[in-house]
Structure formats: structure tokens, C-alpha cells
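got a sequence here, can you model it:
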Amino acid sequence: SQLISQFEEVASREEGVSVMAVSGAPGIGKSALINEIHKPIVAKRGYFISGKYEQFRRDKPYGAIIQAFQVLVKQILSESEDRIDLWKKNLVKALGNNGKIITDVIPEVELLIGKQADLPSIGPEESKNRFNFVFEKFMSVFPQKEHPVTLFLDDLQWADVASLQLIKNIIFSNIHYLFIIFSYRDNE
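Predicted structure coming up:
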């Protein structure tokens with residue numbers, strides 16, 4: 001019930017990202033508990049998306065975040081044509097000429113915004129900064145007062161460094177109506 005009341009607060013609050021962490025030993029039901037709030041969130045026209053970090057997949061940056069947004073884009077693609085047009089317009093506006101950065105990691109986005117032009121190559125550090133900046137813009141499109149977003153990231157103890165940096169940026173960003181829930185094993 002604390003999770004649901006936290007979501008309701010996010011849904012009504014005008015600013016900021018809300019964060020909740022759920023920790024405990026493996027197998028005690030952290031994920032099951034968090035997944036229980038899925039129905040009440042959807043009932044309030046919110047989106048509940050989730051991704052899970054894998055112990056042996058740390059070499060794949062942003063894994064769980066990308067997984068969660070792939071699910072969201074697939075949900076959006078099943079909405080009415082008017083809604084899809086609105087999402088397309090908002091995404092094109094937010095991403096500008098940088099859409100390829102997103103379609104490279106979430107190919108389903110191309111079904112919303114079309115094929116994207118290649119971008120000039122830049123160094124690894126600039127590339128990482130550009131990705132974080134553009135992904136933040138991409139994410140900011142989805143949480144709205146009419147449909148807040150809950151992002152559940154499971155097994156955060158196995159997250160890669162790039163994901164942790166992106167999550168930190170998002171928490172301190174200008175995104176509103178976003179509720180992030182982490183679960184992690186406190187024995188790892």
C-alpha cells in the first residue's frame with residue numbers, strides 16, 4: 001500500500017521524479033510485491049514498465065532501461081491511430097535530429113518516428129554524454145499528468161555503470177510524473 005500511495009502522490013505532483021528502493025534477500029518476493037501495483041497503476045491510466053538486470057549481462061549497457069522502454073513503445077503501438085500520431089509528434093519534437101540514437105537501441109521507435117538519418121561520429125565520452133542527453137529527452141515525452149509512468153528496475157545490484165549514471169541523471173532531471181522503483185539484493 002505504501003507503493004500505491006507513493007504512485008498516487010507522483011500522479012498528482014507537479015514536479016520531480018519520485019524514487020523508492022525495495023531491498024531484501026533473494027527469493028523473498030520483492031519483484032512479486034512490486035508487480036502487484038501494476039493493476040492499480042493501469043486503472044489510473046498510468047503506464048507500468050519494467051526491466052531486469054542480469055548477473056552475466058553487465059557488458060550490455062542500459063539493458064534493463066532499454067528493455068522497459070521497448071515494452072512501453074510496444075504498448076503505445078497498440079493504441080489508437082490518433083494517440084500514435086500524438087506520440088509521434090511529441091517524440092519528433094523532443095528528439096529533433098537525434099532520433100537515430102534512440103532507434104539504434106530501441107528499433108521499435110522507428111515504427112513511430114520513421115527511419116532516422118545517421119549522425120556524425122564522435123569520441124566515446126562525447127558519445128556517452130550525447131546518449132544520456134538524448135535518452136533523457138526521449139524519456140521525458142512519456143510521463144504526463146494524464147498518464148504517469150512507473151519504471152521498475154529489478155536486480156539493480158547487477159546494473160552496469162552506464163545505467164547507474166543515466167538513472168542518476170534522470171532522478172535529478174526535469175522529468176515529472178515519473179515513479180522509479182528499484183529492487184536489489186542487499187546481500188550482494
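
distance between stretch 53-71 and the chain's centre?
11 Å (C-alpha atoms, centre = their mean, to the nearest Å).

please enumerate the helices of the chain.
Ranges of helices in the chain, per DSSP state H, are 2-12, 30-35, 38-43, 63-77, 81-95, 99-105, 110-113, 124-140, 161-171.

give me the number of residues near Leu112?
By other C-beta atoms under 10 Å, 21 other residues sit near Leu112. No exception for glycine: its C-beta is placed from N, CA and C like everyone else's.

go on, Ile113?
18.

measure it to Ala94 for me?
Relative to Ala94, Ile113 is positioned 10 Å away (criterion: C-beta to C-beta, to the nearest Å).

still on that earlier bit, compare the helices of the chain and give me the one nearest Ser183.
Closest to Ser183 of the helices of the chain is helix 30-35 (C-beta to C-beta; 4.3 Å).

and the closest one, what's its mean pLDDT?
Helix 30-35 comes out with an average pLDDT of 69.

least confident of the helices of the chain, on average?
Per-segment mean pLDDT for these reaches its minimum on helix 2-12, at a mean of 64.

picking up where we left off before, go through the helices of the chain and name the closest to Arg185.
If you check each of the helices of the chain against Arg185 by C-beta to C-beta, helix 30-35 wins as the nearest, at 8.3 Å.

what number of residues lie near the nearest residue to Ile101 once chain neighbours are set aside?
Sequence neighbours aside, Val134 is the residue nearest to Ile101 in space, at 4.5 Å (criterion: C-beta to C-beta, 6 or more residues apart in numbering). For Val134, the neighbour count with other C-beta under 10 Å is 20.

the one 5 residues further on too?
Other residues near Met139 number 24, with proximity taken as other C-beta under 10 Å.

now do Ile84
15.

do the same with Val73
21.

again, but for Gly96
Neighbour count of Gly96, defined by other C-beta under 10 Å: 9.

likewise for the one 5 residues further on?
Around Ile101 there are 21 other residues, counting by other C-beta under 10 Å.

looking at it, Ala94 is touching Glu136, isn't it?
No. Between Ala94 and Glu136 there is no contact under C-beta atoms under 8 Å: 9.6 Å.

more neighbours, these two?
Ala94 (19 against 16).

about what we covered before: possible to save the helices of the chain as TSV with distance to Phe179?
Formatted as TSV, the helices of the chain follow (distance: least, C-beta to C-beta, whole Å):
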stretch	distance to Phe179
helix 2-12	4
helix 30-35	11
helix 38-43	8
helix 63-77	13
helix 81-95	20
helix 99-105	22
helix 110-113	23
helix 124-140	13
helix 161-171	11
